[in-house]
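Visitor: let's see this in three dimensions:
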Amino acid sequence: MAIPNSIPSVVAIIPYYNGSEFIARSLHSAFSQTVPFEEVIIVNDGSDPEERAALDALVQQYPCRILDKENGGQGSARNFGVAASTADFICFLDQDDFFLETHVETLVKALPDDDPRLGFVYADFFEADGAGQILRMSAVKDYAKDHPKRSVFSMIAADMFVLPSTSLIARRAFEAVQGFDEQFMGYEDDDLFLRIFRAGYTNYFVDKAVTVWCIHTASTSFGIRMSRSRFRYFKKLATAFPDEPLRGQYYLRDYLLPRFGKFFVNDVIRARAMGRSELYAEVMEILDAYGNIMNSNLHVRHSTKLWFRSTAFLLKNTPDFLLLRVFRMVDGRILARLRKWLH
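Guide: Next up is the predicted model:
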């Protein structure tokens, strides 16, 4: 498919928080496109003064616009950048990721000729380590099913892996759903694309990588903000999708519990095993609240409720040295992906 004769205007928005180690690489990729962006905006989300100063030198090399705001999280920074821009289509880029040279060209070519309900076009991505060394070249199909997105059931049953950095989002659709839900500091991407889908906007998938998504697996920090955000998203989905027995749809039992339960359990294991007593109480409270929602649902199987109660009892009463063994068996790649979007 050829590039349209009239290329639509596209803005790149890069949220920035103490990311001087990576931002030059990201900016270089944004300014190395075969089809250029109309504008590149960096949103400084309350970085430390010395980290903010690193941006001033880069502006001399890369003619981007820098916007400063108080720290509010990645969703807040992205919304701030969109509000300050006017382009018809929006691309986002995390400060530690980078675009491939044909990012804009590939996505613009995939735009439909006539679709008044266009929401977003998205593509595959390379997965890499923190240094940008490639680990796999077709990550989206390995991590998620069903492309393009056609069913809300698969979209709530598992992480979608529609990355903002691999997407071209129509401004009209973004503004129609009021952008990112700023209560989230984790899961804000899934939430945005789900709401665009439910508002009746279409999406298209390009089976070609356009972005390099870098995961830093060396970090062992515990992300309490991710735990809080995960539970908020779980509650939002549980409220948005009440069970419909007449239609045979049991959203909590069949989709939400299998998706989220293991992570709430793992959060408690990590807090205990890492000796983070100040966090243990909070993640245990989250786990108990999750259990209350499960136990109050009449359609969740008794065996599932019994399993949960047994697990919660063991988490509260198992000696630390045994929990440490469990912690070492937790899939580090999953944890790294869930922590990736945190500041």
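Visitor: doesn't M294 belong to a strand?
Guide: No: looking at M294 with DSSP: H, G, I helix; E, B strand; the rest coil, it is helix, so not inside a strand.
Visitor: distance check, it against V300.
Guide: Distance, M294 to V300, using CB to CB, to the nearest Å: 6 Å. In this view, the C-beta of every residue, glycine as well, is placed from N, C-alpha and C.
Visitor: any residues in contact with both of these two?
Guide: Listed as contacting both M294 and V300 by CB atoms under 8 Å, 6 or more residues apart in numbering are 252, 257.
Visitor: quick check: buried residues in the longest strand that the chain contains?
Guide: For the chain, the strand with the greatest residue count under DSSP state E is strand 202-214. Neighbour-count burial for strand 202-214, counted by 16 or more other CB atoms under 10 Å, picks out 202-206, 208-214.
Visitor: I'd like the average pLDDT over that strand.
Guide: Averaging pLDDT along strand 202-214 gives 96.
Visitor: would you mark the buried spots in the helix or strand following that strand?
Guide: Using DSSP states H and E, the helix or strand that follows strand 202-214 in sequence is helix 224-240. Buried residues in helix 224-240, counted by 16+ other CB under 10 Å: 224-234, 236-238.
Visitor: after helix 224-240, which helix or strand is next?
Guide: Next element after helix 224-240 (DSSP H and E): helix 251.
Visitor: who touches A199 in this structure?
Guide: Contacts of A199 (CB under 8 Å, 6+ apart): 119, 173, 176-177.
Visitor: and if you look at A176?
Guide: Here A176 is in contact with 196, 199, 201 (CB under 8 Å, 6+ apart).
Visitor: please repeat the previous calculation with a cut-off of 10 Å.
Guide: By CB atoms under 10 Å, 6 or more residues apart in numbering, the contact set of A176 is 119, 170, 195-196, 199-201.
Visitor: distance of V300 from D159?
Guide: For V300, the distance to D159 - CB to CB - is 22 Å.
Visitor: the two - which one has more neighbours?
Guide: When V300 and D159 are compared for neighbours, V300 comes out ahead with 19 against 15, by other CB atoms under 10 Å.
Visitor: so that one belongs to a strand, correct?
Guide: No: checked against three-state DSSP, V300 lies outside a strand; its state is coil.
Visitor: excluding its backbone neighbours, what's nearest it?
Guide: Nearest residue to V300, sequence neighbours excluded (CB to CB, 6 or more residues apart in numbering): R253, at 4.9 Å.
Visitor: still on that earlier bit, ok, of the contacts of A176, which come out buried?
Guide: 119, 170, 195-196, 201.
Visitor: specify which member of those is nearest to P8.
Guide: Set against P8, the nearest of the buried ones among the contacts of A176 by CB to CB is A170 (9.2 Å).
Visitor: tell me what the closest one is bridged to.
Guide: For A170, the beta-bridge partners are F89 (DSSP bridges).
Visitor: spatially central residue in this protein, please.
Guide: Residue closest to the average C-alpha location in the chain (CA atoms, centre = their mean): D189, at 4.1 Å.
Visitor: distance of that residue from R25?
Guide: 21 Å.
Visitor: can you get me a residue count around D288?
Guide: Counted with other CB under 10 Å, D288 comes out at 13.
Visitor: now do L287
Guide: L287 has 22 neighbouring residues, counting by other CB under 10 Å.
Visitor: which strand or helix spans it?
Guide: L287 belongs to helix 277-296, assigned by DSSP H and E.
Visitor: I would like the residues contacting that helix, please.
Guide: Contacts of helix 277-296 (CB under 10 Å, 6+ apart): 222-224, 227-228, 230-232, 234-235, 238, 252-253, 256-257, 260-261, 263-274, 276, 300, 304-305, 308-309, 311-312, 315-316.
Visitor: quick one, that helix and helix 224-240 angle?
Guide: 10 degrees (axes from the mean of the first three to the mean of the last three CA atoms, to 10 degrees).
Visitor: wait, doesn't the residue nearest to the centre of the chain sit right on L163?
Guide: Yes: using CB atoms under 10 Å, D189 is in contact with L163, at 6.7 Å.
Visitor: okay, and the common contacts of those two?
Guide: With contacts taken as CB under 10 Å, 6+ apart, D189 and L163 have F92 as neighbours in common.
Visitor: surely Y122 is within a strand?
Guide: Yes: Y122 sits within a strand when classified using three-state DSSP.
Visitor: quick one: the closest residue to it other than its chain neighbours and Q74, what's the gap?
Guide: Excluding the flanking residues, the one nearest Y122 by CB to CB, 6+ apart is S167, at 4.2 Å. Noted for S167: a distance of 15 Å to Q74, by CB to CB.
Visitor: looking at the two, which is more packed in?
Guide: Set side by side, S167 and Q74 show more neighbours around Q74, with 26 against 23, by other CB under 10 Å.
Visitor: once you drop chain neighbours, what's closest to the more buried one?
Guide: Counting by CB to CB, 6+ apart, Q74 lies nearest to P15, which is 5.0 Å off, once chain neighbours are set aside.
Visitor: and if you look at D189?
Guide: Nearest non-adjacent residue to D189 (CB to CB, 6+ apart): P164, at 5.7 Å.
Visitor: again, but for I156
Guide: Nearest non-adjacent residue to I156, counting by CB to CB, 6+ apart: Y255, 5.1 Å away.
Visitor: OK, contacts around the one you found?
Guide: Contact analysis of Y255 by CB under 10 Å, 6+ apart lists 152-158, 237-238, 241, 249.
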